[in-house]
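Asks: Prediction below, plus the sequence it came from.
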Amino acid sequence: QVQLVESGGGSVEAGGSLKLSCTMSGHTWSSYCVVWFRQGPGKEREGVAAIDSDASVDYAESVKGRFTVSQGDDMNILYLEMNNLKPEDTAMYYCAAEGYPVSTMIPPTHRWGQGTQVTVSS
């Protein structure tokens, strides 16, 4: 059973930093793409950063220069380092993965984590 588990959320003051982790388990993917999403109170869910197993990355304009997405030495752990946090970054943060099996005859798998809360006070 493929699982994604986020951790590292918390409460910080504006200008502070947090580092979120997304741990993937139970898969046999040959490659993947992981996207960090967030959903703030009264807001739509938005993608903030993405990374694939080749370490290609992409960021939403709102977080460029402040957030960094990376892989751990264990490629099953992905990180989202968030610096210079702003109150508008307050949200539940989720990691979501699309995993590709070795065989192209098998469709990709999609999984979401349960989320971790980030609260930034002014």
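Replies: Looks like it arrived, so ask away.
Asks: in which helix or strand would I find the residue of the chain most remote from its centre?
Replies: Ranked by distance from the centre of the chain (C-alpha atoms, centre = their mean), the top residue is Met105, with 27.6 Å. According to DSSP states H and E, Met105 maps onto no helix or strand at all.
Asks: Please report how far the residue sitting nearest the centre point of the chain lies from Leu4.
Replies: In the chain, the C-alpha nearest the mean C-alpha coordinate belongs to Trp36, at 2.8 Å (C-alpha atoms, centre = their mean). Using C-beta to C-beta, to the nearest Å, one gets 11 Å for the distance from Trp36 to Leu4. Heads up, the C-betas are built off the backbone N, CA and C, glycines and all.
Asks: what's the overlap in contacts for those two?
Replies: Taking C-beta atoms under 8 Å, 6 or more residues apart in numbering as the criterion, Trp36 and Leu4 both touch 22, 95.
Asks: Model confidence for the spatially closest residue to Gly16 that is not a sequence neighbour, exactly?
Replies: Take Gly16 and drop its neighbours on the chain: the residue closest to it by C-beta to C-beta, 6 or more residues apart in numbering is Leu85, 5.3 Å away. With respect to pLDDT, Leu85 scores 98.
Asks: So Leu85: helix, strand or coil?
Replies: Three-state assignment for Leu85 (DSSP: H, G, I helix; E, B strand; the rest coil): coil.
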